[in-house]
Structures are given as C-alpha cells and as structure tokens.
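>>> using only what follows, build the 3D model:
(one chain, ligands or ions: 1)
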Amino acid sequence: MAAIEKLSGPDLQQLDSEHHLHPFTDHKELHKKKSRIITRAEGVYIYDADGNKILDGMSGLWCVNAGYGRDELIEAAAAQMRELPYYNSFFQCTHPPSIKLAAMLTEVSQPQLNHVFFTGSGSEANDTIVRMVRRYWDLMGQPERHTIISRKNAYHGSTVAAASLGGMKPMHEQSGLPIPGIVHVEQPYWFGSDRSLSPDEFGLEAAKAVEDKILELGADKVAAFIGEPIQGAGGVIIPPDTYWPEVQRICDEYGVLLISDEVICGFGRTGEWFGADYYSTTPDFMPFAKGVTSGYLPLGGVFVSDRVTDVLIDKGGEFFHGYTYSGHPAACAVAMANLDIIKRERLVDRVKDDIGPYLQQGWAKLGDHPLVAETRMVGLVGALELVKSKDPIERFEEKQGVGTICRDFLVNNGLVMRAVGDTIVCAPPFTLSHAEADELLEKAWKCLDLTQQAVSNH
Ligand code: PXG
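Next up is the predicted model:
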C-alpha cells in the first residue's frame, strides 16, 4: 500500500474500516457501506472525496455558524500558535487569550454572568457544572442538596456525567447510567404528546413536571434544573412559549439553580446571543461549546453567575477540577476572532431579522407536503415531522426508518440535514444567502417527494 498520507478515495475508506472507530456509529453497518469522506469546505458547502458538492444544512454538527473558509479564524490560530501554542491556567498562571476571551464573553452574556470556566467541549462543560453545583450547595451548608433535574430526550454530552444529565435511554442502557443524583422529567414536546392540550397548556403541564419532581424529592434535595432552551439532538424541540417562564418561576420559588445548556443555542442560533435571552430566563450556569469557535477548534466552557462565584470564591478554597486544555490559547484566539466576525457582520441580527425569517417562511411551506405534519423553526434551527397520515396524524412505524430514508435522499441530492427518528432537523450556517436558502428548500421538497415515493412503493 502507498504511504498512508498519499492515500485517497476507496483506499482511505478501507483504512477507515480497518482502524477508525467513529462516534455514535454502528460499525458493522458502516463497514458494509463505507463512510463518506469530506475533504474540503467553503462557505456553506462541503465537498466529498467523490467530488460531490453538498449544502451543509447542519453547520457541521450545529457549530460552523460563521461558515467555512474563514481565513481570519485560520490566521488567528496560526498567529497564536507561533506566539504561544500552549500554556495552562493551572498553578496561578494563565495567558492573554484566555483572559481576553473570558472578558469578551461576559460582555455578550447577561449581567449576572461575570465569570467563565473553560473546557475542551460541551460534555466537559456539563461535567464541570455537575461538580460546581454540588460544591456550591456543600459550601452553602446544604450537602443534601445534590440532585439535578433534567429531561427525558435531553442531550448534554457523552461523558459519564453529561450522558447522565442527558435523557437518552439508549445511552443510559449501554453504560449503567445515570449516575446517582440525576433524575429526568417529561420534555416539552407538544407534537410528541397526544395533542389534547393546546401548546400553551401543554407547556405549563411540562413545566409542572419540574415542580412536581421538586415537591416529590423535597426542595432541600434539589440542586439544579438543566435544560437546552431548544432541544437540539433530541429533534429540535421548540417548547411552547409558556414553558420557560414557568420553569424560571419554579426555580426561583424553590431556590433551584437554573442551567441553560447553550451548546447549540448559544452565539446566535436563535437570533439572540443565547437561548436564555430568547426565552428571557436568567440562568446561573450556561455551558457552551460549538459556535464559540464556529467549530474551527475545539473549545467549551461554562458561564457562572455571581450567585455561585461569590460563594465558590469566598468560601471555596481550591476547586479540584480542570482540564489540560481548559482555555487552550489557540482555541481562545479563534473564539475571539469568531466573536469579532459575529459582531462585525451582525450575524446575530442577520439570523433574527434577515435570513432567519426568510428561511422560516419557506420552511413553513414545506408543511404543505403530504408527508409533513408539522414544521417549526426559531432563528436558524428547525424541524419537520414526517408522518404516514396528516389528518388524523398517524406516525410511521419506527422500523420503517422513514427519517433515515429521507436523510439519505437529502445527502445524495446535495443537502445535509439530520434525521432524529422521523424528525428531520436543520441548522444551517448564519451566512446562508437567500439563494442558498432557496436551494435548501427546493432540495428538501424534492427529497420529501422521493421519500414519499419510496415509502408508498413498499
Ligand atoms: N450540550 C448540548 C445541548 C449539545 O448539543 C453537548 C452538550 C456536548 O458537547 P460536545 O462538545 O461534548 O459534543 C452537545 C453536543 C447530534 C449531535 O447528533 C449533537 C451533539 C453532539 C454530537 C452529535 O445532533 N451536541
């Protein structure tokens, strides 16, 4: 075989099968099909090893918000690596990029969030929060107050604590999770309910599940509630408008810390800087990752409120927690350059006032397709619900894999969107032009047609 670095195409696929274990992948199935190898990208398009040009309706994995091919981000990383490629923030040291980035981040976040703890990923951010939350209540003299309430079908990451916070049953079943002290309540998924209540009534009902759980456990046992403002990996579940204000009220009433997981919603996805801003909640913690660097380098972190930092700093002594790559200088430099782009190009406003509403309008029209029972989108994050029958609503059997059939048509026709069961989700880069939005919508409609034909031929 030729030198490994010279290999391409089918040879690379072979090598991939032989040596590479992919995340969230059935390898037996993959080895039969071989993986799609993405070799380069520009703007909102990715290109595969077979030369196909594909519109990236998922921003990579909900992260390349500023689009591909941004020289500014590449230069920021290179310049920082020349100056100082690595140093840590342990042992009373740090470096300019992490200091400056922490300050820049607190400028765009809510007033109570004045400190940032850096991590390498969103999972590490959520692990950090589990430890900080429990430490906080210990220091408050309430060591019994350790239980964190999360939601079924939530996704908060893949490490042991983050997967425990998540409400993904298959993940729990494979690894003896959740760890103790994490419980899950119903998600605010109106379409997934029997729809006997109005969305607003249902939102209040779903919020009541949080209150009921607090009362069941005893408020003196409940440390925090965690939720994604809009559940991403769970199928872009946009809660009814009544949900978050009621959850905020409940957290306030019982003194429960509120964690808004901004790994997907953060940095403009909803048309506001953070999902918490969109829903007017005032969280004590906000984990973030992905969009902070537009995915150009791995970086995550946690915004921590004054309520918590005042106690951790004043009473806490040393907090025994941190990662080698907490605040990696090159990643921080890229994040700063990325924040500059977001501000200069007014990308958050663009999502709110321009491309967001434009795509939303076309997205809603996909609801005219016989296969689509519900469309929803906030900012640039949306979903389509595929069904067997629209009136009355009847869903496909899971084993038919209709979402996956549609997803495969999409990618083979030049558009990446994800399938979560029979829910098709979309989260394109903020730089998407109107013409590219039209292309996305045309391809989506065409693939809905192809899916319908494929399903009715069975
Ligand atoms: N919180 C949320 C809300 C996320 O969406 C994480 C935490 C974990 O972040 P890291 O950086 O550790 O991956 C995520 C990640 C999918 C998919 O298939 C979504 C994520 C990751 C991988 C796949 O939609 N979100």
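>>> report the contact partners of the residue of the stretch 101-250 of the chain found nearest the ligand.
Going by CB to the nearest ligand atom, the ligand is nearest to residue 122 of the stretch 101-250 of the chain, at 2.3 Å. Quick note: C-beta positions are derived from backbone N, CA and C, even for glycine. For residue 122, the contact set (CB atoms under 8 Å, 6 or more residues apart in numbering) comprises 156, 157, 162, 261, 263, 287, 288, 289, 290, 300.
>>> of those, which belong to strands?
Among these, the members falling in strands (DSSP state E) are 287, 288, 300.
>>> and for the last one, the neighbour number?
Just to be clear, that refers to residue 300. Residue 300 has 27 neighbours, counted by other CB atoms under 10 Å.
>>> ok, and the closest non-adjacent residue to it?
Distances taken as CB to CB, 6 or more residues apart in numbering place residue 289 nearest to residue 300, at 3.5 Å, with adjacent residues excluded.
>>> again with the first one
Beyond its immediate neighbours in the sequence, the residue positioned closest to residue 287 (CB to CB, 6+ apart) is residue 125, lying 3.6 Å away.
>>> and the one you found, how many neighbours?
By other CB under 10 Å, 29 other residues sit near residue 125.
>>> so it is in which element?
Assigned by DSSP states H and E, residue 125 belongs to helix 122-139.
>>> for residue 244, same thing?
Using DSSP H and E, residue 244 sits in helix 243-254.
>>> before we move on, back to that, of the ones in strands among the contacts of residue 122, list those near the ligand.
Near the ligand, judged by CB under 6 Å from any ligand atom, the entries from the ones in strands among the contacts of residue 122 are residue 300.
>>> would you mind giving the ones in strands among the contacts of residue 122 as CSV with pLDDT added?
Listed next are the ones in strands among the contacts of residue 122 as CSV, based on pLDDT from 0 to 100:
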residue, pLDDT
287, 99
288, 98
300, 98
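>>> and which of the ones in strands among the contacts of residue 122 is nearest residue 342?
Using CB to CB, residue 288 comes nearest to residue 342 of the ones in strands among the contacts of residue 122, at 13.1 Å.
>>> ok so, going back, tell me who's in contact with the residue nearest to residue 287.
Applying CB under 8 Å, 6+ apart, we find residue 125 in contact with 117, 119, 157, 263, 287, 288, 289, 300, 301, 302.
>>> again, only using 10 Å
Counting by CB atoms under 10 Å, 6 or more residues apart in numbering, residue 125 touches 117-119, 156-157, 159, 162, 261-263, 285-289, 299-303.
>>> and residue 4, by the same measure?
Per CB under 10 Å, 6+ apart, neighbours of residue 4: 11, 12, 15, 19.
>>> roughly how far does it sit from residue 38?
Residue 4 sits at a distance of 18 Å from residue 38 (criterion: CB to CB, to the nearest Å).
>>> name the helix or strand for residue 384, please.
Using DSSP H and E, residue 384 sits in strand 381-386.
>>> with residue 333 instead?
Counting by DSSP H and E, residue 333 is part of helix 329-344.
>>> pull out the buried residues from the contacts of residue 4.
Among these, the ones that count as buried by 16 or more other CB atoms under 10 Å are residue 12.
>>> got the domain ranges for this protein?
Listed domain ranges for the chain are 36-66+348-456, 72-344 (source: automatic domain parsing).
>>> which bits of this structure sit near the ligand?
Within the chain, the positions lying close to the ligand (CB under 6 Å from any ligand atom) are 61, 121-123, 126, 155-157, 228, 232-233, 261, 263-264, 289, 300, 418.
>>> where along the stretch 101-250 of the chain do the helices fall?
For the stretch 101-250 of the chain, the helices defined by DSSP state H, counting those that start in this stretch occupy 122-139, 160-165, 169-175, 199-217, 243-254.
>>> brain fart, the stretch 351-458 of the chain
Using DSSP H, counting those that start in this stretch, helices in the stretch 351-458 of the chain cover 355-365, 402-412, 434-456.
>>> and these, which is most packed in?
Among the helices of the stretch 351-458 of the chain, helix 402-412 has the highest mean neighbour count (mean count of other CB atoms under 10 Å), at a mean of 20.
>>> that one packs against which elements?
Packed against helix 402-412, as judged by 3 or more CB pairs under 10 Å, 6 or more residues apart in numbering; DSSP states H and E, are the following elements: strand 53-56, strand 381-386, strand 415-416, strand 418-420, strand 423-426, helix 434-456.
>>> wait, which of those is closest to residue 255?
Among those, the nearest to residue 255 by CB to CB is strand 381-386 (31.3 Å).
>>> average pLDDT for the closest one?
For strand 381-386, mean pLDDT is 98.
>>> quick one: buried residues of it?
Applying a neighbour-count criterion of 16+ other CB under 10 Å, one finds 381, 382, 383, 384, 385, 386 buried in strand 381-386.
>>> so which helix or strand takes in residue 61?
Assigned by DSSP H and E, residue 61 belongs to helix 59-62.
>>> okay, and the beta partners of the one residue in the stretch 351-458 of the chain that gets nearest to the ligand?
Taking CB to the nearest ligand atom, the ligand has its nearest neighbour within the stretch 351-458 of the chain at residue 418, 5.9 Å off. Counting by DSSP bridges, residue 418 forms beta bridges with residue 425.
>>> quick check, pLDDT for it.
Residue 418 carries a pLDDT value of 97.
>>> show me what contacts it?
Residues counted as contacts of residue 418 (CB under 10 Å, 6+ apart) are 57-58, 61-62, 232-233, 235-236, 383, 403, 407, 410, 424-427.
>>> how about residue 166?
By CB under 10 Å, 6+ apart, residue 166 lies in contact with 123, 126, 150-158, 172, 177-178, 182, 184, 226, 228, 233-234, 261.
>>> among those residues, which ones are buried?
Listed as buried from the contacts of residue 166 are 123, 126, 150-151, 153-158, 177-178, 182, 184, 226, 228, 233-234, 261; burial here means 16+ other CB under 10 Å.
>>> name the residues of stretch 417-433 that are buried.
Residues of stretch 417-433 classed as buried by neighbour count (16+ other CB under 10 Å): 417-432.
>>> using CSV, write out every CA atom in that stretch.
Written as CSV, here are the backbone C-alpha positions of stretch 417-433 (Å, rounded to 0.1, in the frame of the first residue of the first chain):
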residue,chain,number,x,y,z
MET,A,417,-29.9,17.5,7.2
ARG,A,418,-30.1,15.1,10.2
ALA,A,419,-32.8,12.6,10.9
VAL,A,420,-33.9,12.1,14.6
GLY,A,421,-36.3,9.2,14.2
ASP,A,422,-38.8,10.7,11.7
THR,A,423,-38.0,14.2,12.6
ILE,A,424,-35.7,16.0,10.0
VAL,A,425,-33.7,18.7,11.6
CYS,A,426,-31.9,21.7,10.1
ALA,A,427,-29.4,24.2,11.4
PRO,A,428,-27.5,25.9,8.6
PRO,A,429,-24.7,28.5,8.9
PHE,A,430,-25.7,32.1,9.7
THR,A,431,-24.0,33.2,6.4
LEU,A,432,-26.6,31.3,4.3
SER,A,433,-27.7,33.6,1.4
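>>> quick one on the thing from earlier: please pull up the helix or strand immediately following the helix holding residue 61.
helix 71-83.
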